[in-house]
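K.L.:
Provided below are the primary sequence and the corresponding predicted coordinates.
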Amino acid sequence: MEALQKFYRENRTLVTWLMVAAVFIVFYLLTQERLNSLRPSRMVQTTITGLLVGGVYALIALGIVLINKASGVFNFAQGYMMLFGGMLFYSFFSTPNVNPLAAGALAFGTVLMVLAMNGWRELRNLRSLGIGVAAVVVLTLLMSWQGEDVRMLRAIVGGITGSVFVGLFIERFTIRPLIGQPLFTMVLMTLAVSEILKGFVNLIWGSVPISLQIFSGLERLGLPNTIRWEAEFLQGRVVVRTDLLVTFFLALAAFVGFVLFFRYTNVGLAMRASAENQQLAQSVGLRVRVILAVAWGITAILAMLAGVLQGGASQLDLNLPFVAFSAFPAVLLGGLESITGALVGGLIIGLVQDWGNLLYGNQAGTELMPYLVLMIVLIIRPDGLFGEKRIERI
Amino acid sequence: MRKVVLLLVLALTLSLFVLPTSAQLPEFIKHTECEVDLTGETITIYHFGDISGPYAFITQPLLAGLADTIAYWNAHGGICGAMLTTDNKDTGGNPAQTQAHYDYYRALEPKPQLIVLYASGDAELLRNQVAADQIPVIISAGSVEGLYGEDGQTPGWIYATNPLYVDQLGMFCEFVGANPAEFPDPVIAYVSWAGAFGEAAFMPEAIDYCAEQGVKILPEPQYFRPTDTDISTQILNAVDAGANIIYTNSLASGPALIAKTLNDLGLLDEVKLSGVNWALDTSVGLLGRTSLADNGLPAVNGMYGSLPFRWWSEVQHPGVAFNRELATANERALSVQNIAYILGSTLVDLYHEIYVRTVNRVGSLSAITGSDIKETLDNIDYNPLDMYNVNFANGARRSTTGNRIAQMFFINATMTGPATSGDDAMKIPNPDGTNIFVPILVPRTEVQDVPDLRPGN
């Protein structure tokens, strides 16, 4: 036994790669027969569908990564923030005559939270107050704009306003008071937040599934529901759902936007600095509290976007937050701090799930395969595919 | 003589207050007469289920049905004068919570005489415990394991008011086998949710029985999750294996997603969709409008399924009319007027009958034990709100047996029958810019007994 341990210590890398090779050989042997029996169209179909479904996982993963980058907290409330944001969007989307008072109250609450990101004293600043009043008026007008033709605009403004309010509220009243406490406390707080959001969704919208018809407009734009591709070499037909395609490209656009945001904007750069070392960032004049609040606000918008896209492709109900369970391995796979990792991780998980279903059925794909792949990757790269290697001296 | 008449009038007047009878309820409800006055007493319906988790969209309408009917009942004399109340606990779909709530209930003093459950998984978890504690349970429908144990031959203390899931699949196979023109060379693929409920009907006994009916069931089931956005891989797995019928033990978004996927893949004409009793629900019809077939109707149009009770569209039926009036009076949305609402309302009537029979036999409410209720359940033969029959064959069975096969269609604009295309369908404009198609269920068979497909039978 000691000799074995000694051999492992001295040849750790070799042993790890041998184990990975063994896994791949077993995988190949187990799937060889099934693979040979598959038509090329099935493989193409599964690959495309897997990637498209992975787009939403990537979007959810991005929200989790963002909070982690800003504060080191793993946000378990992301799933319910998705549902809450999706429901807010739905309310504005499906209500032609939004009560101006309700819209005004929401706009006022959101603007108040934005102005007070760095503390309530900011409200004494007359210039800020003036901008705030103007923002409340504009937001109220947009959110209560009557008519069916403007429902998408109304829903986008309402969804974003409501989500920002929720994100900032969570940060201000549940996370900020815990600054200085062990990170685990904040992680537990996100669990509590998820339960509270679940309660509110139940209270306001009930539990009957809601059909969010955001993709019904595609037909009016002349786009088909599905894109069909038939070719001789495929030996069959490949069908791609337009709604999933749109979802995927919107998710991709959000990614590009955030990569640019982090690379080229002052706030984005400040967030990266703050994530690296909060005390150091504060010492050079960065307002860490504001950065944290901005991160929660952006995360809430991302969650809303994911909720709307996922809800549009399926439906809005209390099952929706469980989609986040598929995003958790995506985050770990890509690396907790990496935005690129969130994208790649999400796509890999989507792909692995669908291929698992294709090869094994019986939920091997959705339940087992993502975690199997995650395990293998973490053995080789404990920080994930794109995670930062950290060396802590003890 | 005048004194005698006065005394008689007085006695009659008093009896109206002292012995409230079921005469105050609609006449079509035929209860056993109360022999014991329960005025001043309270009967609690202890219910715990997934009120806020994945199955909440079924449980919430159930609670609505319970609440509306209880309010009506109490306003019309209650059960022999006893007022009804509920004690609902939320499991959130978490088995640990199910156990915690059950522990709370069994620790009550006096402990509940009867409990209402909802999920198949909960029934399987608590089967042995309720038997040990002698607390009978009513569940809407259940798995073999939950009602009869792993050997399928040990009736427990849990009684289902719908046929066993595996029996429903067996009856569908009978229907398919008897209609070869409609189902040529039938091959069924089992495509369902994973978990105790979703997997409950896929049993060797069903495969064998269906084979006897000339219907093949593919040996490899395909499972998916309620959260899945796309299940084209599972559907194509089934079709590639030769399936031309898909049977699902899922509800709400489950059948709607299967129909949407069949539509997207262009397989609606080649593959027929069918399902468990929960699949033929309003929620499926409403969610189904996200995917319209070439004829302009939702892709779920024509789906087959089990219909073990009367349905909302059977408007002439007094039990259905009662439910409609109740739901309308309480301003319940169309989405709440579903299968679970019916179960909630009929449950109250069933409780009434169970308690009247038991208290008539035992003598007082406080003297009733779980065993007394079980004895009543074993011997009951009653039609709650005349919507279905509850008869547990003198204790030999733990689920009801009456069932029909029906199809889901969408009503036409003149409300005279199913629409043949989107153009002649009744469409209610929805605020989100789309149209709501109103689902109706059309029975294809009369009510008949399901086959008994418990293991060993």
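P.N.:
Structure received.
K.L.:
The residue of chain B found nearest chain A: how many residues sit nearby?
P.N.:
Closest residue of chain B to chain A, C-beta to the nearest C-beta: residue B:56 (3.4 Å). Every C-beta, even on glycine, is put in place using the N, C-alpha and C of the backbone. Residues contacting residue B:56 under the criterion other C-beta atoms under 10 Å in any protein chain shown number 27.
K.L.:
Just confirm it contacts residue A:319, I think it does.
P.N.:
No. Checked against C-beta atoms under 8 Å, the pair residue B:56 and residue A:319 is beyond contact range at 9.0 Å.
K.L.:
coming back round to it: any idea how far residue B:85 is from the residue of chain B closest to chain A?
P.N.:
22 Å (C-beta to C-beta, to the nearest Å).
K.L.:
Could you tell me which residues make contact with residue A:380?
P.N.:
Residue A:380 is in contact with A:16-17, A:20, counting by C-beta atoms under 8 Å, 6 or more residues apart in numbering or on different chains.
K.L.:
Could you tell me the model confidence score at the residue most central in space within chain A?
P.N.:
The centroid of chain A falls nearest to residue A:60 when counting by C-alpha atoms, centre = their mean (1.3 Å). Listed pLDDT for residue A:60 reads 92.
K.L.:
Identify the residue nearest it in space, chain neighbours excluded?
P.N.:
Take residue A:60 and drop its neighbours on the chain: the residue closest to it by C-beta to C-beta, 6 or more residues apart in numbering or on different chains is residue A:327, 3.7 Å away.
K.L.:
Buried residues in stretch B:443-454, which are they?
P.N.:
Neighbour-count burial for stretch B:443-454, with 16 or more other C-beta atoms under 10 Å in any protein chain shown as criterion, is recorded at B:450-454.
K.L.:
ditto for stretch A:211-230
P.N.:
A:211-216, A:225-226.
K.L.:
check contacts around the residue nearest to the centre of chain A.
P.N.:
A:78-79, A:82, A:302-303, A:306, A:323-324, A:327, A:330, A:346.
K.L.:
chain center to the host helix or strand of it: distance?
P.N.:
In the assignment (DSSP states H and E), residue A:60 maps to helix A:40-71. Centroid separation between helix A:40-71 and its chain, computed with C-alpha atoms, centre = their mean, to the nearest Å, is 9 Å.
K.L.:
what does stretch B:269-279 give?
P.N.:
With C-alpha atoms, centre = their mean, you get 18 Å for stretch B:269-279.
K.L.:
Just the mean pLDDT for that stretch, thanks.
P.N.:
95.
K.L.:
what's next to it, contact-wise?
P.N.:
B:58, B:141, B:162-163, B:165, B:168-169, B:172, B:183, B:188, B:201, B:239, B:243-252, B:254-255, B:258-259, B:262, B:300, B:302-308, B:339, B:403.
K.L.:
List the buried residues in it.
P.N.:
For stretch B:269-279, by 16+ other C-beta under 10 Å, it's B:271-279.
K.L.:
swap in stretch A:30-39?
P.N.:
residue A:38.
K.L.:
neighbours around residue B:101, how many?
P.N.:
22.
K.L.:
Now do it against residue B:231, distance only.
P.N.:
From residue B:101 to residue B:231 the distance is 33 Å (C-beta to C-beta).
K.L.:
likewise residue B:310?
P.N.:
32 Å.
K.L.:
For residue A:99, which residues are in contact?
P.N.:
residue A:144.
K.L.:
Kindly report the same for residue B:228.
P.N.:
Counting by C-beta under 8 Å, 6+ apart, the residues that residue B:228 touches are A:314, A:366, B:257.
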